[in-house]
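A.B. asks: What shape does this take:
(chains A and B)
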Amino acid sequence: MLGSTNVNPKRTHVVTGGTGFVGSALILELLQRTSGDIVALVRPKGDRSPAQRLTETLDELIEGYALPDSLRHEVATRVVAIAGDIETGNCGVSAFDTHAMRGAEFWHCAASLQYQDRHREQIERTNVRGTANVVQFARETRCAMFNMISTAYVVGSRQGDIIAEAPDMAYVNNCYERSKIMAEQQVLDSGLAARIMRPSVVIGHSQTHYTTSTDGLYGFIRNLTKFRNALERTQIGLSKTLSVSIEVDTDGLIDFVPVDLVVRDAVGLSNANADPDYYHLTNPTPPKIADAVNAAFVLSGLRAPQFVGSREHMTEVDLKLQQRIDFYSSYIINPKRFDRSSVTAVLGEHAQSGRDLEGAELHAFCNCFLHRLEGSKRTVAAVR
Amino acid sequence: MTPRPVIIVGTGRCGSTLLSEIIRLHDDLLSVSEVFSFMTDLGIRIDRAFPQGLVSGLDFWNTLSSPQPRQTLLLAHDLQMPEVLYPWRRGRFEPLELPPIQQAMLAHIDTDPDRLFDVLAAEVPTWASAPIGTQYTRLFGFLAGRYGKRQWVERSGGSLRVVERLQATFPDAAFIHLVRDGRDTALSMSRHIGFRMAILCGLQAEQLGVDPFESNDRTDEADLSDELADTLPERFTKDAFDRFDLPPSLCGHYWSGEIVAGLAALKAVPADSLLTIRYEDLVSNPSPVVEQLGAFMGCSVPEAWVRGSAALVRNEPPRWLELPSKQREDLAEACQPGFDALENFGLVGSHS
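C.D. replies: Residues are numbered from 1 along each chain as shown, chains lettered A, B, ... in the order given. Predicted coordinates for the structure are as follows:
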């Protein structure tokens, strides 16, 4: 138990990362399942105001997720976008705006999803110091509850059944995982009543497959697509003739969870006045790793890979690919089953029951992203 | 009858520099070296080297004389390919200013490349607008006339890649295709500054979705591996470049691709305008190959030229055999499609 809480159905919700993949879906879920106002802290970017950025994002998703048009009115009347930047003190919010958020429930979704060591400073600035700033800001507003959207992969290289509990830094694979553990610790140390919510690999909408994410499954696919392009640049047709080996635990499951199911559980926990605790916002029925990896390869235009248990016999080209997708290793080796009992204990039959992601359904998620990727494809110089 | 121009093509690192040296020994032949390697900025700015439509003399000169970003970046970081012949000590250009035709071509022709550069600077801009093939032909013809040569022979490392462009640009040219065992070629590529740079830049462009030398867009930079990110032009260092891991087998795949595509393109060349020779034949028994070259080009074959050419040759054992066994296997497998294509082409014994 990490603190205590009270609930108020008209409570204001403050959301960081509201233009991001999970944050934006969360706002739409809150609009549908609560009656309070929503304040989104949005970082100014370019010549578009925070309100413009947020409205454009939510409008796109209402269409992409096939949500009722009436939600646009809810966005216009209940959502306020204010300029904020979690990387600055008080999140860059004025004293006047701070006062308006008094007693609100916080949803901290903003995060950097970079993972390479060379981005360590930026990752820590956003995920660790940024979280510290949001926590401090929440304390000043006397927030009623602090919900942190973390990641199930704070468990790093651990495998098997994973209980939702405090993580162990000894298992981290990269600086992203490390930063999320440190961020969780910031929240726990704050004394705020806090729920640590840990989604797994978040994918598009369960019904429409629509996504604005470029990370997780989609980052994996994007990297495979670029690897295919590099092979084709090296030798025309090579992507169709070369079968690469990849290190995979073929018997394991990979926890993809549609974004709408993540926010359904998240808002459900809030509405049920769930205790401060750790919660796995994961898929009760995840697909097999081998199926997912095969689908990603084939749909990216590569031959289905050969699965190997170690890198010992890999070719130099295999190792080049492995280097490129190392970040995703924590998804495809050391398989994990995330225990959802803390969620189901609160939500019972109202907990989301997962999404069957076998075969054509999984392909539909991949293809939806590939279609977007194709639309944004840029032309590089002639090679002949 | 005016002798036809000759273009030597190959995958790069196939030993064609030796052919340029042999051509240079001949009294009637102007050896034009590495023009297209540097005009395309290591095989990447292909459209710039072969523009469509009419090109004015001034525009042509600007292309010949404007420094190119990749090759000058290498020089600025003390990364000089063996092909670069510019005499730094007595020359007036600094690395970042060195024009593409000063990298190798002019110094290969004249011991005072700066003086020759000035001659061309006065001459080329006065030429009337013409298709790019005409402008190159004028340039090489002008140089041949200036040095009392009857025929020009151009050779650029890796120009098999652009053989279709060369055919379209020089429809009257004859082609010599030099072929070398892909395993040694690929190993040499993996260690050669120019090829490492070309492949590095190609990988960066594919990952970024833009050519980092032509665009500041770094939207997809997070997709770059550390070694590709560390060698972006704005971050480039010699150490980072040296750390770039280019496995020989990746170059083997590249070699196979070049051979397969190149042989397909060369099918469009009339049989009497194409000579294919093996590097291994040239270095193991040079005299008959040099005589064959002379006969194909239609030039005289003086004994002194054959003898002088043979004296240039060094026949060294294959380096790829020195690789660890796993690397040798990977390399051989990567080169197999290229060997198969050569065998189908009728070049039996292209590897052993």
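
A.B. asks: How about the secondary structure of the residue in chain B positioned nearest to chain A?
C.D. replies: The nearest approach of chain B to chain A comes at B:Gly257, 2.7 Å away (CB to the nearest CB). Any C-beta I mention is one placed from the backbone N, CA and C, and that applies to glycine too. Assigned by DSSP: H, G, I helix; E, B strand; the rest coil, the conformation of B:Gly257 is helix.

A.B. asks: my read: it touches A:Thr234, true?
C.D. replies: Yes: with contact defined as CB atoms under 8 Å, B:Gly257 reaches A:Thr234; the gap is 6.1 Å.

A.B. asks: Share the number of residues neighbouring B:Val269, please.
C.D. replies: B:Val269 has 18 neighbours, counted by other CB atoms under 10 Å in any protein chain shown.

A.B. asks: in what helix or strand does it lie?
C.D. replies: Assigned by DSSP states H and E, B:Val269 falls within no helix or strand.

A.B. asks: What does the pLDDT read for it?
C.D. replies: pLDDT for B:Val269: 96.

A.B. asks: now the helices for the stretch 51-200 of chain B?
C.D. replies: Here the stretch 51-200 of chain B has its helices, by DSSP state H, counting those that start in this stretch, at B:57-65, B:69-76, B:100-103, B:105-109, B:113-123, B:132-146, B:163-169, B:182-191, B:193-208.

A.B. asks: Those helices into CSV, with extra columns for mean pLDDT, distance to A:Pro305 and mean neighbour count?
C.D. replies: Formatted as CSV, those follow (pLDDT from 0 to 100; distance: least, CB to CB, whole Å; neighbours: other CB atoms under 10 Å in any protein chain shown):
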stretch, mean pLDDT, distance to A:Pro305, mean neighbour count
helix B:57-65, 98, 44, 18
helix B:69-76, 97, 33, 21
helix B:100-103, 98, 42, 26
helix B:105-109, 97, 46, 24
helix B:113-123, 98, 52, 16
helix B:132-146, 98, 44, 19
helix B:163-169, 97, 34, 20
helix B:182-191, 98, 24, 25
helix B:193-208, 94, 20, 23
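
A.B. asks: Out of these, which is closest to B:Val306?
C.D. replies: Ranking those by proximity to B:Val306 (CB to CB) places helix B:105-109 first, at 21.2 Å.

A.B. asks: Run a quick neighbour tally on the residue of chain B closest to chain A.
C.D. replies: B:Gly257 sits with 24 neighbouring residues when counted by other CB under 10 Å.

A.B. asks: list the contacts for the closest residue to it other than its chain neighbours?
C.D. replies: Leaving aside its chain neighbours, B:Gly257 sits nearest to A:Gln235 (2.7 Å; criterion: CB to CB, 6 or more residues apart in numbering or on different chains). Listed by CB atoms under 8 Å, 6 or more residues apart in numbering or on different chains, the contact partners of A:Gln235 are B:253-254, B:256-258, B:260, B:337.

A.B. asks: And the residue nearest the centre of chain A?
C.D. replies: Centroid-nearest residue in chain A: A:Val202, 5.0 Å away (criterion: CA atoms, centre = their mean).

A.B. asks: so what's that one bridging to?
C.D. replies: Beta bridges link A:Val202 to A:Val257 when assigned by DSSP bridges.

A.B. asks: List the residues that contact it.
C.D. replies: A:Val202 neighbours (CB under 8 Å, 6+ apart): A:21-22, A:213, A:216, A:256-259, A:262.

A.B. asks: ok so, going back, closest to A:Phe369 out of the contacts of A:Gln235?
C.D. replies: Of all the contacts of A:Gln235, A:Phe369 sits closest to B:His253, with 27.8 Å by CB to CB.

A.B. asks: Is B:Leu200 in contact with B:Phe244, as I believe?
C.D. replies: Yes: under the criterion of CB under 8 Å, B:Leu200 is in contact with B:Phe244, at a separation of 5.6 Å.

A.B. asks: Which neighbours do those two have in common?
C.D. replies: Jointly contacting B:Leu200 and B:Phe244 under the rule CB under 8 Å, 6+ apart are B:228, B:231.

A.B. asks: so what's A:Arg378 scoring on pLDDT?
C.D. replies: Looking at A:Arg378, its pLDDT reads 63.

A.B. asks: Same question for A:Gln114.
C.D. replies: Reported pLDDT for A:Gln114: 87.

A.B. asks: how deep is the nearest residue to it once chain neighbours are set aside tucked in, by neighbour count?
C.D. replies: Distances taken as CB to CB, 6+ apart place A:Ile123 nearest to A:Gln114, at 5.2 Å, with adjacent residues excluded. Number of residues near A:Ile123 (other CB under 10 Å) recorded here: 24.

A.B. asks: can you tell me which residues contact A:Ile123?
C.D. replies: Going by CB under 8 Å, 6+ apart, A:Ile123 touches A:112, A:114-115, A:175-176, A:179.

A.B. asks: quick one: which of those residues is nearest chain B?
C.D. replies: A:Gln114 (5.7 Å).

A.B. asks: Pull the contacting residues for the spatially closest residue to B:Thr185 that is not a sequence neighbour.
C.D. replies: Excluding its sequence neighbours, the residue lying closest to B:Thr185 (CB to CB, 6+ apart) is B:Arg13, at 4.9 Å. By CB under 8 Å, 6+ apart, B:Arg13 lies in contact with B:157, B:180, B:185-186, B:188-189, B:192, B:195.

A.B. asks: which element is B:Pro212 on?
C.D. replies: Counting by DSSP H and E, B:Pro212 is part of no helix or strand.

A.B. asks: B:Phe140 contacts B:Val153, correct?
C.D. replies: No: at 9.1 Å, B:Phe140 and B:Val153 do not qualify as touching, with contact defined as CB under 8 Å.

A.B. asks: Need the overlap of contacts for those two.
C.D. replies: With CB under 8 Å, 6+ apart as the test, B:Phe140 and B:Val153 both reach B:5, B:30, B:32.

A.B. asks: Quick check: which element contains the second one?
C.D. replies: When elements are assigned from DSSP H and E, B:Leu30 belongs to strand B:29-33.

A.B. asks: Quick check: neighbours of that strand in the sheet, parallel or antiparallel?
C.D. replies: strand B:151-155 (parallel).

A.B. asks: how far does the partner strand sit from the chain's center?
C.D. replies: On the basis of CA atoms, centre = their mean, to the nearest Å, strand B:151-155 is displaced by 13 Å from the centre of the chain it belongs to.

A.B. asks: average pLDDT for it?
C.D. replies: 98.

A.B. asks: Stretch B:219-231 too?
C.D. replies: Averaged over stretch B:219-231, pLDDT sits at 92.

A.B. asks: What residues of it count as buried?
C.D. replies: Buried residues in stretch B:219-231, defined by neighbour count with 16 or more other CB atoms under 10 Å in any protein chain shown: B:220-225, B:227-231.

A.B. asks: got the CA coordinates for it in CSV?
C.D. replies: Output in CSV follows, covering the C-alpha atoms of stretch B:219-231 (Å, rounded to 0.1, in the frame of the first residue of the first chain):
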residue,chain,number,x,y,z
THR,B,219,13.4,13.1,-37.6
ASP,B,220,14.3,9.4,-37.7
GLU,B,221,17.7,9.8,-36.1
ALA,B,222,16.7,7.6,-33.2
ASP,B,223,16.6,4.7,-35.6
LEU,B,224,20.3,5.0,-36.3
SER,B,225,22.6,2.6,-34.6
ASP,B,226,25.4,4.3,-32.6
GLU,B,227,27.9,3.8,-35.3
LEU,B,228,25.7,5.4,-37.9
ALA,B,229,24.7,8.2,-35.6
ASP,B,230,28.3,9.0,-34.6
THR,B,231,29.3,9.3,-38.3
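
A.B. asks: what's the distance between that stretch and the middle of its chain?
C.D. replies: The chain centre lies 28 Å from the centre of stretch B:219-231; the measure is CA atoms, centre = their mean.

A.B. asks: Stretch B:132-152 too?
C.D. replies: Relative to its chain's centre, stretch B:132-152 lies at 19 Å (CA atoms, centre = their mean).

A.B. asks: same deal with stretch A:10-23?
C.D. replies: The chain centre lies 14 Å from the centre of stretch A:10-23; the measure is CA atoms, centre = their mean.
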